[in-house]
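*Asks:* model the structure of this input:
(2 chains)
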Amino acid sequence: MADEALFLLLHNEMVSGVYKSAEQGEVENGRCITKLENMGFRVGQGLIERFTKDTARFKDELDIMKFICKDFWTTVFKKQIDNLRTNHQGIYVLQDNKFRLLTQMSAGKQYLEHASKYLAFTCGLIRGGLSNLGIKSIVTAEVSSMLCVKFQVMIQKL
Amino acid sequence: MSRQSNRGTESKKMSSELFTLTYGALVTQLCKDYENDEDVNKQLDKMGYNIGVRLIEDFLARSNVGRCHDFRETADVIAKVAFKMYLGITPSITNWSPAGDEFSLILENNPLVDFVELPDNHSSLIYSNLLCGVLRGALEMVQMAVEAKFVQDTLKGDSVTEIRMRFIRRIEDNLPAGEE
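*Replies:* Below is the predicted model:
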């Protein structure tokens, strides 16, 4: 049983750790995002395996996405995704109006450019989870105003 | 603006797997980034320290624990309140030194290593070293300089995990000149 505060602090340290080591080696921003994303991917893979152990088989893609928005999100972030939209052609937009990993940051526009650092891990988390459910995807995130995050999932058809 | 308005008192326990797996991913990444295990250990300790100096605030705010009068009391609070609160375990306290400045925390099961096996080529990696950093950082914020290190580890074949804590000194407040 780990307390939430511990996870939030660990996540912060991971982000700053990755960026600090990049400063010394002069690696570009993209590399750091990839690293964080990859860590999230591994965690997502592991988590989804445990969560879905006792659930019924999923009907379809949408059913899986709903699971991610409800059960998965609730376990990880203590709330559900606020809005799920899809164009029914493999693009899903998951909107979280109060994204947990950004709640420690100032709500103004000032730090908006830094927000992406704190989203990469979660993008990986979603991608890893989906990947273990047999869906290959690309996940990106955008913040328009602080705390409100849209994760876009593009399903890659095999 | 950055304050959270409603933290609520609802249970903040989350699936321990998230933390365990995230920590695992972090250690794996560090092992890729650094060439030798000593550097990884050092980095984990540093990250732990940074977590500790912040975590103590959360701890004091939520635990209602008052001032500790001696190191024994501190040990009790660490084991019975802090470990319980954040990791859901209660380590036992043993091996007090005669002078009362050293003790051991015995962790029967360490949640950080739930799904972990150390590969042979990482024999000097101290996997859970983050914990030592957390303890050191947190205690430093309450004016105690301590040394924390792993002396036994189930990952390395020992039957229990043991963290040895040593009290070094009380940190006196160094107020900037001109301030009371």
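
*Asks:* remind me which residues of chain A are low pLDDT?
*Replies:* Chain A contains residues with pLDDT under 70 at A:1-2, A:24-27, A:158.

*Asks:* so where do the helices sit in the chain?
*Replies:* Chain wasn't specified; assuming chain A. Using DSSP state H, the helices found in chain A span residues A:4-25, A:29-51, A:61-67, A:73-77, A:120-132.

*Asks:* think we crossed wires, I meant chain B
*Replies:* B:16-33, B:37-63, B:71-76, B:83-87, B:130-140.

*Asks:* OK, contacts around the residue most central in space within chain B?
*Replies:* Nearest residue to the geometric centre of chain B (CA atoms, centre = their mean): B:Leu131, 3.0 Å. By CB atoms under 8 Å, 6 or more residues apart in numbering or on different chains, the contact list for B:Leu131 reads B:Gly48, B:Leu112, B:Ala148, B:Ile163. Using the backbone N, CA and C atoms, a C-beta is placed for each residue, glycine as well.

*Asks:* and the gap between it and A:Glu142?
*Replies:* For B:Leu131, the distance to A:Glu142 equals 36 Å [CB to CB, to the nearest Å].

*Asks:* A:Met39 contacts A:Phe121, correct?
*Replies:* Yes. A:Met39 lies in contact with A:Phe121 (CB atoms under 8 Å); the separation is 6.2 Å.

*Asks:* name the residues contacting each of those two.
*Replies:* Contact criterion CB under 8 Å, 6+ apart; residues shared by A:Met39 and A:Phe121: A:Met14.

*Asks:* the residue nearest the centre of chain A and A:Gln152: what is the separation?
*Replies:* Computing the C-alpha centroid of chain A and ranking residues by CA atoms, centre = their mean puts A:Thr122 first, at 2.0 Å. Going from A:Thr122 to A:Gln152 by CB to CB gives 12 Å.

*Asks:* now list whatever residues contact both of those two.
*Replies:* Residues touching both A:Thr122 and A:Gln152 comprise A:Ala141, with contact defined as CB under 8 Å, 6+ apart.

*Asks:* burial count for the nearest residue to B:Leu139 once chain neighbours are set aside?
*Replies:* The spatial neighbour of B:Leu139 that comes closest, neighbours along the chain excluded (CB to CB, 6 or more residues apart in numbering or on different chains), is B:Val146 at 5.0 Å. Residues lying near B:Val146 (other CB atoms under 10 Å in any protein chain shown) number 20.
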